[in-house]
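Participant: below is the sequence, then the predicted model.
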Amino acid sequence: MKEVFEFVFPGLMLMWVCFIANGVFADIFEEYKAKTISRLICSGVTLWEILLSKILRCVVVCWICEFLLIIFTWVVFDVGWKNPVMLFVILTSFNLFLMGFLSLVYGYSRSTELAYGIVVFFLLTSSVLGGSFVPFRELPRALQAIGRWTMIRMGNYGIESIFNSRGFWEVFRPSLFLIAGGTVLVALGTTVMRKRFESGKVA
Amino acid sequence: MNVLRIAINDVRVVLKDRMIVFWWLAMPLAFILIFSFMFRDRTQDSTWLAVFKFDDHELAGILLDELRTDRYQIDVRASSDEHWIDDWSRALIIPADFSKSVLNGERVDLTITKGQGSPEKHLAAQTLLVRTLIKFNAAVASVNLIERGWSQASKDDLIAELNKPPQLSVDTKQHFSLRPPPSGFAFTLPAYMVMFMMMMTVMYGGITLIEERSAKRINRLVATPVSLLEIFLGKMLGRMLQPILQGGLLIAAGVLLFRVNLGDHPLALIPVIISFSFLCGSLGLLFGVVFRTEQQVMATGILMTMVLAALGGCWWPLEVAPKVFQTIALFTPSYWAIQGIHDVMSFGKSWGGVLAECGVLTAIGILLTCVAIPLFHWE
């Protein structure tokens, strides 16, 4: 049964973190509407710094959430999480990509409600294709071909590689994709969000 | 009358949302379609077995013909395809000296490779091979092929021997009732219908209540000659009508698009859907009165409904889950809703057979409503 949990929990954990991060990320817009960000700017902090600090806060929440889920599954279900260093690298790269994705969607959407709808749709689809609902190998071949490019599958593959004691490159390769993609997305997303906040077009 | 008017207005507000078709129909149908492939009845699937036949003798061909039986797909490949062997789940290799060795009475080893793939399928392929080899060896011995050598007469005798019906056979049954367990669309339609009915009612029901409160619409309604009880019941009924509508649409789509069988007594689905909708409505109302912002409803609503869906058996059949989870499932509304729908759709039960499920769903709904009543506010 332990093996089954090792199959199921990583995908579920990543999906969980996505939805929690989404809720936390949307708070930036609540703070903007409540003029908290305007007051922060008056105190001499730049918008860049504010946005990056909010993203960092979101990453920290993800870390805490992941840490608690790992501890919970380890204690309750005896899931044998291995190689904490590589696990941290995988989860951090996953969180980075998630932040980039969220900042881009929230940056471009006309309203937070629309952004929320888009994010939920993408996260649900990505969870289905990435193997959070059922093991990835059980998906039809065509869906696997699409699913392997989702962030959940990449993160999941890294964790799966740790469980299966695969080589360093197998463990690290998906993280490399996530770090590269995440960095680009965060840069793009924060730029778009900064422009939106500066223009005041936040619904 | 006022209750009905408030309820219909609430449904109208939800239906005005342009995304409603997507969340109510398109998304659940996509889930139902995708997951139906994974939960299909695999006992009917054929087992694929690639074969490399390096021996051109007729005897090797006869062995191959014996392998070709129901539910096995024997795929004879050219030797040029040999480099693909590592990517295949399994392959049988018939060596070049197979016939020569058999006719000389020498031992021959056939090789079956094992790649990545279902272990059950590999076992099925191995079983087929062993069964065929036993029959083949018995036929070779019976017609005295080694002493007689290869001729038209010995070939005919061998084929005739192989075509004899077996004196002893085993008939495997996959399930022990006249009705097979739900699989494919019959499993995914109830599962994802329950999940999305719950999720959408919590989201739309909770969010619209928060919006109405912040826009002071409930305040204005209180000022009209409508009693507070009527307002509460109207809101409750409105949130109950939403899942009824969504469930009805999904069942209709399931029947029309996926040819899902609704069982012998399809009308018995009505009490199940109504009692589950009552539960969803009370949950939506509770979310609307407990939370203050839309973000809170969205974040908590999605996570909570997904937990309930997973624990209740929407994502995978509970039979594969450990005993602990099967016990936990008894405390989730999704479990009772799925059981009720399966009882009607897959196990042919009628009104009397779903009373327990409807009772539990209604009881949970009443409990949630009792919690929501004192918390209901309009400021």
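Facilitator: Arrived safely, thanks for sending. In this text the structure is predicted, and so the values were computed from the model without any measurement. Numbering: from 1, shown residues only, chains lettered A, B, ... in the order given.
Participant: contact residues of chain B facing chain A?
Facilitator: B:19, B:22, B:27, B:31, B:34-35, B:37-38, B:293-296, B:298-299, B:302-303, B:306, B:310, B:315-316, B:322 (C-beta under 8 Å from any C-beta of the partner chain). Glycine gets a C-beta too; all of them are placed from N, C-alpha and C.
Participant: and the closest residue to chain A within chain B, how close does it get to residue B:328?
Facilitator: Across chain B, no residue is closer to chain A than residue B:299, which sits at 3.2 Å (C-beta to the nearest C-beta). Distance from residue B:299 to residue B:328, counting by C-beta to C-beta, to the nearest Å: 23 Å.
Participant: looking at those two, which is more packed in?
Facilitator: Using other C-beta atoms under 10 Å in any protein chain shown as the criterion, residue B:299 and residue B:328 rank with residue B:299 on top: 20 against 15.
Participant: from what I see, that one and residue A:16 are in contact.
Facilitator: No. Counting by C-beta atoms under 8 Å, residue B:299 stays clear of residue A:16, with 11.3 Å between them.
Participant: before we move on, back to that, make sure the residue of chain B closest to chain A is indeed in a helix.
Facilitator: Yes. Residue state for residue B:299 (DSSP: H, G, I helix; E, B strand; the rest coil) corresponds to a helix.
Participant: tell me where chain A has helices.
Facilitator: With DSSP state H as the criterion, chain A has helices at A:2-25, A:27-33, A:36-42, A:47-77, A:84-108, A:112-130, A:141-147, A:151-163, A:168-199.
Participant: please read the previous query as pertaining to the stretch 1-150 of chain B.
Facilitator: B:2-15, B:20-21, B:27-38, B:58-67, B:98-103, B:119-142, B:145-148 (DSSP state H, counting those that start in this stretch).
Participant: what inclination does the third one have with respect to helix A:112-130?
Facilitator: For helix B:27-38 against helix A:112-130, the angle by axes from the mean of the first three to the mean of the last three C-alpha atoms, to 10 degrees is 10 degrees.
Participant: what do you get for the longest one?
Facilitator: Computed with the same axes, to 10 degrees, the direction of helix B:119-142 lies at 20 degrees from that of helix A:112-130.
Participant: which outside residues touch helix B:119-142?
Facilitator: In this structure, residues lying in contact with helix B:119-142 by C-beta atoms under 8 Å, 6 or more residues apart in numbering or on different chains are B:47-49, B:63, B:66-67, B:69, B:72, B:89-90, B:92, B:102, B:110, B:112, B:114, B:146, B:158, B:161-162, B:166.
Participant: likewise the fourth one?
Facilitator: By C-beta under 8 Å, 6+ apart, the list of residues contacting helix B:58-67 from outside reads B:49, B:51, B:53, B:74, B:76, B:92, B:94, B:98-99, B:102-103, B:128-129, B:132, B:135-136, B:150, B:155, B:158-159, B:162.
Participant: of these, grab the buried ones for ChimeraX.
Facilitator: Remark: buried members of the contacts of helix B:58-67, expressed as a ChimeraX selection using 16 or more other C-beta atoms under 10 Å in any protein chain shown:
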select /B:49,51,53,74,92,94,98,99,102,103,128,129,132,136,150,158,162
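Participant: quick one: low-confidence ranges for chain B?
Facilitator: B:40-45, B:70, B:116-117, B:171-180 (pLDDT under 70).
Participant: next one: chain A
Facilitator: For chain A, the stretches with pLDDT under 70 are A:1-5, A:201-203.
Participant: swap the cut-off to 90 and go again
Facilitator: Applying pLDDT under 90 to chain A flags residues A:1-13, A:15-16, A:19-20, A:22-51, A:54, A:72-84, A:106-148, A:156, A:160-172, A:193-203.
Participant: residues of it that sit close to chain B?
Facilitator: A:1, A:12, A:16, A:19-20, A:22-23, A:26-27, A:30, A:112-113, A:116-117, A:120-121, A:124, A:128, A:133-134, A:138-140, A:143.
Participant: can you say which of those are buried?
Facilitator: If we count by 16+ other C-beta under 10 Å, the residues of chain A next to chain B have these buried: A:12, A:16, A:19-20, A:22-23, A:26-27, A:112-113, A:116-117, A:120, A:124, A:128, A:133-134, A:138-139, A:143.
Participant: tell me how far stretch A:168-185 lies from the chain's centre.
Facilitator: Remark: stretch A:168-185 is offset 13 Å from the chain centroid, using C-alpha atoms, centre = their mean, to the nearest Å.
Participant: what's the answer for stretch A:101-108, then?
Facilitator: For stretch A:101-108 - counting by C-alpha atoms, centre = their mean - the centre lies 12 Å from the chain centre.
Participant: list the contacts of it.
Facilitator: Contacts of stretch A:101-108 (C-beta under 8 Å, 6+ apart): A:21-22, A:25-26, A:28-29, A:51, A:55, A:58, A:112, A:115, A:118-119, A:122, A:151, A:185-186, A:188-193, A:195-196.
Participant: kindly report the same for stretch A:177-195.
Facilitator: Here stretch A:177-195 makes contact (C-beta under 8 Å, 6+ apart) with A:28, A:47-48, A:51-52, A:55, A:93-94, A:96-108, A:151, A:154-155.
Participant: of these, grab the buried ones for ChimeraX.
Facilitator: The ChimeraX selection below is limited to those of the contacts of stretch A:177-195 classed as buried (16+ other C-beta under 10 Å):
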select /A:28,47,51,55,93,94,96,97,98,99,100,101,102,103,104,105,106,107,151,154,155
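Participant: so residue B:93 sits against residue B:109, correct?
Facilitator: No. Using C-beta under 8 Å, residue B:93 is not in contact with residue B:109; the gap is 9.6 Å.
Participant: of the two, who's got more company?
Facilitator: residue B:93 (17 against 8).
Participant: what are the bridge partners for that one, then?
Facilitator: In this structure, residue B:93 bridges to residue B:52, residue B:111 when assessed by DSSP bridges.
Participant: what sits against it?
Facilitator: Residue B:93 is in contact with B:51, B:52, B:54, B:110, B:111, B:112, B:113, counting by C-beta under 8 Å, 6+ apart.
Participant: just the buried residues from the residues you listed, in PyMOL please.
Facilitator: Typed into PyMOL, the line below selects the buried ones among the contacts of residue B:93, using 16+ other C-beta under 10 Å:
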select buried, chain B and resi 51+52
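Participant: dump the contacts of residue B:93 to CSV, plus distance to residue B:238.
Facilitator: Shown next, in CSV, are the contacts of residue B:93 (distance: C-beta to C-beta, whole Å):
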residue, distance to residue B:238
B:51, 63
B:52, 66
B:54, 72
B:110, 69
B:111, 68
B:112, 63
B:113, 62
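Participant: okay then, goodbye and thanks.
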